[in-house]
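1. Kindly return the folded structure for what I paste below:
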Amino acid sequence: MIIDAHAHLWKKQNGILNGKPVYDIGGGKSDFGGEIRQMMPPYLTDGENSAERFLANMDYAGVSGAVITQEYIDGNQDDYLLQCKALAPDRIKVCALYEETPLGDISSFDGIKICAGRLADQNLLHHLHPFEVADKYGKFISIDLADGAAQTKELQEIIDRFPALKIAIGHFGMVTRDGWLKQIALAKNKNVYIESGGITWLFHEEFYPYPSAVAAIKEAAALVGFDKLMWGSDYPRTMTAITYLMSLDFVIKSKEISNADKILFLGENAKSFYGFGHLPVPQKIKNMVED
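-> Residues are numbered from 1 along each chain as shown. Next up is the predicted model:
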């Protein structure tokens, strides 16, 4: 059983980057704050990053469940994500996006996403509202911190204030940046976990099978234990360089990680943390290049 702890979906991209718009221009490309970037694989010509396409990718790669997080660069996708959850309620969990204003009704969401590294006010202690709401209503927090230790002290204060609150730190602590282990160390707190969404992006120059990413996963595990680490893909942006299957295959085929630890990292930890119920394992379908 495999669970993706960090993926993105949108009906129409309508985001913002440093005050400039981010939007689809066709062929999987987006105007990224004035720069043209390949945001999705080029065959997604209509600009839609739909749940149906993602579920097909999940089935092909053998992924049972997924957590859909959000990003300012995609724009608020709250309404669409609730549609996605309704499409596959047992397999998909979704986050409401915190946008530095009071949250509305989040009762239908599973968690709250905080793009901490993109906040206009970077002091997390000035953003207690989403943590208070999540703690009150039993939701989890998905948070992408600024590089290194810039926000770790503040987050530790918040963890101390809400010790029962489940917090997942994304992008594997921005593993290729100085001070990344300060973020990983926060998982020494009981209800704080680390997810690896974006790790193939951060090691993109090395490329598959990402030996340095495997080494970083082992280094983090030595600090906080494999039972605090979760796999994530950062779909669909990382799929501009690799396939969805490749985003987890480098872990599956690694000889540096034990089978028992792979089971924890790829699914069991996320099942417990996010509260998934029974999840079927998609049937393996032989593809056209296999004998």
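2. So which bits of the helix or strand that contains Lys153 are buried?
-> Using DSSP states H and E, Lys153 maps to helix 152-161. Of all the residues in helix 152-161, those buried under the rule 16 or more other C-beta atoms under 10 Å are 152, 154-156, 158-159. C-beta here means a position set from N, CA and C on the backbone, and glycine is covered the same way.
3. likewise stretch 254-272?
-> Those would be 254, 257, 261-262, 264-271, for stretch 254-272 by 16+ other C-beta under 10 Å.
4. Not counting its neighbours along the chain, what's nearest Gly117?
-> Excluding its sequence neighbours, the residue lying closest to Gly117 (C-beta to C-beta, 6 or more residues apart in numbering) is Ala146, at 3.9 Å.
5. Isn't the one you found up against Ala116?
-> Yes: Ala146 lies in contact with Ala116 (C-beta atoms under 8 Å); the separation is 6.2 Å.
6. Need the residues touching each of those two.
-> Both Ala146 and Ala116 are contacted by Gln122, under the criterion C-beta atoms under 8 Å, 6 or more residues apart in numbering.
7. who's more crowded, these two?
-> Ala116 (22 against 18; other C-beta atoms under 10 Å).
8. could you list every residue that touches the more buried one?
-> Neighbour list for Ala116: 122, 124, 127, 143-146, 151, 155 [criterion: C-beta under 8 Å, 6+ apart].
9. which one among those residues gets closest to Tyr235?
-> Set against Tyr235, the nearest of the contacts of Ala116 by C-beta to C-beta is Asp144 (15.2 Å).
10. what's near enough to touch that closest one?
-> By C-beta under 8 Å, 6+ apart, the residues touching Asp144 are 114-118, 169-171.
11. Among those, which lie within strands?
-> 114, 169 (DSSP state E).
12. Show me the two of the contacts of Asp144 that sit farthest apart.
-> Largest separation among those by C-beta to C-beta: Arg118 and Ile169, giving 15.0 Å.
13. more neighbours, those two?
-> Using other C-beta under 10 Å as the criterion, Arg118 and Ile169 rank with Ile169 on top: 24 against 16.
14. beta partners of the residue lying closest to that one once chain neighbours are set aside?
-> Leaving aside its chain neighbours, Ile169 sits nearest to Ile194 (5.2 Å; criterion: C-beta to C-beta, 6+ apart). Note on Ile194: beta-bridge partners Ile169, Leu229, judged by DSSP bridges.
15. in the protein, what spans have low per-residue confidence?
-> In the predicted model of the chain, no residue satisfies pLDDT under 70.
16. For the stretch 101-250 of the chain, which segments count as strands?
-> With DSSP state E, counting those that start in this stretch applied, the stretch 101-250 of the chain shows strands at 111-114, 140-143, 167-169, 192-195, 229-230, listed in chain order.
17. can I get the ones you listed in CSV with distance to Asp31?
-> Output for the strands of the stretch 101-250 of the chain, formatted as CSV (distance: least, C-beta to C-beta, whole Å):
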stretch, distance to Asp31
strand 111-114, 23
strand 140-143, 26
strand 167-169, 30
strand 192-195, 29
strand 229-230, 32
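18. how about the helices in the stretch 51-200 of the chain?
-> Using DSSP state H, counting those that start in this stretch, the helices of the stretch 51-200 of the chain run over 51-61, 78-87, 128-137, 152-161, 180-185, 199-202.
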